[in-house]
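**Student:** based on what follows, work out the 3D shape:
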Amino acid sequence: MPLKILHTADVHLGAKFLGLGRKGQVLRSRLLQAFDDTVNLAIREKVDLLLIAGDLFDSPDVSKTLLAQVAYRLQDLSATGIPVCITPGTHDPYGDDSVYRAPELADIGGLTVFTRETMTPAYFPELDCVVYGNANMKPFANRRPLESLEVDEHVRYRLGMVHASFEIPDLAEDTYVVTPPEVAASGLDYLALGHIHSFSDRSSGEVTAFYPGSPEMVRMQKGDTGNVLVVEFGEEETWVRPFRTGSLTYEELTILAEEAAPVTLVSMLESRADPDKVLQVNIDGLRPPGYIDPAPVIEQLSDLFFFVRAADRSVPAPSTLDPEAYPAGSPASEYLKLLSAGLDGASASETDEIQEAMMVGLSLLLEEGS
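**Tutor:** Take a look at the predicted model:
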């Protein structure tokens, strides 16, 4: 028989968002709306299982109101006959004070919460399916959850779910880690991943594996967020379809300092106005004489967006490109001499490029005190 599941993770219900001020409450409401939309999608699509791969909640400290709202929607799924599997994540780990011990959740029929560090099977005979999952409990207690996984070959559909990072050389260790070879050797039909907030395909070998990303933007930064995944299994193929649940979008705007006059900034920002947009404004290049700090202008227009952040990465333009104007043997003097040698015989366009490189490089050197 065919199988259809819905996969989500990193919902972070109840997150404080203290840095967003009054927008924090708005975003908390949007996270709950994204969860509502996920439940509604599961019912509308008539999925056979809902997998939540960690961090349904932002912390173990969940208000009674929020807990009741989540329990009510999970009960809707139970009443519809859709089982739910949850693996506790890094933000909502399983332990003595776990939110998953609350009676409001513990008494819901069809809800499976994994409570052990090691991968544990949950069987669904009516679906000819088994789901292997574990719980984040103590940091680094079981760093490689897939390493010792042995799947039941007698079950048609073998699914896994972990809240973990992919191992990246030279990156700080994480609580749980998986690697492409471990995914490929797992024997699973599908691995539902959580912990990374952006959508990505981590399939390896014959095993399909995905991060759905957060169903609504949680961090005000670039990433493919705002999706949940509907996964359908056929006889010989697996289809993964993203469904949009988030309302926020992200745009990065880069402006040269010489073009960042207040009137220009106002025009650029007003043309991009959107109450559902997170806007990152970067100021690059060389600051001309009379340069005006763009931060106050950007702040005055911040209400045109959900959130605006500015980064002024520009550097002061040097007053001269004459190598003799700088101490003999200094990095600034030697740098200008080196590039000046390329001006002889250069075309007009090449001269412009070399002089621009001289200005940018010299500005950076002067900022460092050379």
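**Student:** does Gln75 lie in a helix or a strand, and which?
**Tutor:** helix 64-80 (DSSP states H and E).
**Student:** equivalent analysis for Asn136, please.
**Tutor:** Under the criterion of DSSP H and E, Asn136 resides outside all helices and strands.
**Student:** just give me the neighbour total for the closest residue to it other than its chain neighbours.
**Tutor:** Closest residue to Asn136 apart from its sequence neighbours, by C-beta to C-beta, 6 or more residues apart in numbering: Pro93 at 4.5 Å. Bear in mind the C-beta positions are built from the backbone N, C-alpha and C, glycine included. By the criterion of other C-beta atoms under 10 Å, Pro93 has 22 neighbours.
**Student:** before we move on, what about Thr115?
**Tutor:** Other residues close to Thr115 by other C-beta under 10 Å number 17.
**Student:** which residues does it contact?
**Tutor:** Under the criterion of C-beta atoms under 8 Å, 6 or more residues apart in numbering, the contact partners of Thr115 comprise Pro88, Tyr94, Tyr100, Ala135.
**Student:** also Val162?
**Tutor:** Applying C-beta under 8 Å, 6+ apart, one finds that Val162 lies in contact with 53-54, 87, 119, 133-134, 145-146, 176, 178, 191-194.
**Student:** who wins for most neighbours among the residues you listed?
**Tutor:** Using other C-beta under 10 Å as the neighbour test, the contacts of Val162 are led by Thr87, with 34 neighbours.
**Student:** show me the shaky parts of the stretch 101-250 of the chain.
**Tutor:** When residues are selected by pLDDT under 70, those of the stretch 101-250 of the chain lie in 139-142, 168-174.
**Student:** now do 90
**Tutor:** Across the stretch 101-250 of the chain, the stretches falling below the confidence threshold (pLDDT under 90) are 106-107, 137-145, 147-148, 166-177, 220-222, 234-236.
**Student:** now the strands for the stretch 1-150 of the chain?
**Tutor:** Counting by DSSP state E, counting those that start in this stretch, residue ranges of the strands within the stretch 1-150 of the chain are 3-8, 49-52, 84-86, 111-113, 120-124, 129-133.
**Student:** gap between the residue nearest to Glu150 when sequence neighbours are not counted and Asp152?
**Tutor:** Using C-beta to C-beta, 6+ apart and skipping the chain neighbours, the partner closest in space to Glu150 is Gly187 (7.7 Å). To Asp152, Gly187 is 9 Å away according to C-beta to C-beta, to the nearest Å.
**Student:** now do the shared contacts for the two.
**Tutor:** With C-beta under 8 Å, 6+ apart applied, the overlap between the contact sets of Gly187 and Asp152 consists of Arg158.
**Student:** of these two, who's got more company?
**Tutor:** Gly187 (17 against 11).
**Student:** mind checking the SS state of that one?
**Tutor:** With DSSP: H, G, I helix; E, B strand; the rest coil as the basis, the three-state label of Gly187 is coil.
**Student:** who's in contact with it?
**Tutor:** With contacts taken as C-beta under 8 Å, 6+ apart, Gly187 has the following neighbours: Leu149, Glu150, Val151, Glu153, Arg158, Val207.
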